[in-house]
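Chemist: With the sequence up front, the predicted model follows.
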Amino acid sequence: MELNTIKPAIGANKNRKRIGRGTGSGHGKTATKGHKGQKARSGGSIKPGFEGGQMPMHRRLPKRGFTPLTKKEYALVNLCQLEIFEAGSVVDAEALLKSGLISDVCDGIKVLATGELTRALTIKAHKFSATAREKISAAGGSIEEI
């Protein structure tokens, strides 16, 4: 086998369709565009959402809802995820980022009560759910709101 004898697999290469090159090619005359109409014209593409001139759906339907400018987005952490820390350690934003439990602090960190906590940890976060507070104190841990 030599480099000059290597050929691509059968069916791997396909010739492109040369349209509008005479009737003998099979793609001449109308050049696969059918007869007349908007789509047959030069530059005749229809924009997405265009409905032939009638009021488009996205303008017929009413606007609904809004995004408040003061909305805060918290990085969420569940109690079951905090099991990776050793007993007695301090869990803060830096420790959570280093462990990979959160990727960004956003507007703060909120601890939720999903799962069980079996170790006494000192947890520093911006918000805690009521059930999470109970479970942390039941496990012998402490809470510090930042």
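Modeler: Structure's in. What do you need? Numbering: from 1, shown residues only.
Chemist: hey, let's count contacts and neighbours off CA atoms from now on
Modeler: Fine.
Chemist: Next, the residue located most distally from the centre of the chain: secondary structure please.
Modeler: Of all residues in the chain, residue 24 has its C-alpha farthest from the mean position, at 49.8 Å, by C-alpha atoms, centre = their mean. Classification of residue 24 using DSSP: H, G, I helix; E, B strand; the rest coil returns helix.
Chemist: Distance of it relative to residue 33?
Modeler: Relative to residue 33, residue 24 is positioned 17 Å away (C-alpha to C-alpha, to the nearest Å).
Chemist: Tell me which residues touch the residue most central in space within the chain, please.
Modeler: Centroid-nearest residue in the chain, with C-alpha atoms, centre = their mean: residue 103, separated by 14.5 Å. Shown in contact with residue 103 (C-alpha atoms under 8 Å, 6 or more residues apart in numbering): residue 97.
Chemist: try 6 Å
Modeler: For residue 103, no contacting residues are found, by C-alpha atoms under 6 Å, 6 or more residues apart in numbering.
Chemist: so where do the helices sit in this structure?
Modeler: 57-60, 93-99, 130-138 (DSSP state H).
Chemist: Kindly provide the distance from the nearest residue to residue 40 once chain neighbours are set aside to residue 19.
Modeler: Leaving aside its chain neighbours, residue 40 sits nearest to residue 33 (5.3 Å; criterion: C-alpha to C-alpha, 6 or more residues apart in numbering). Distance, residue 33 to residue 19, by C-alpha to C-alpha: 10 Å.
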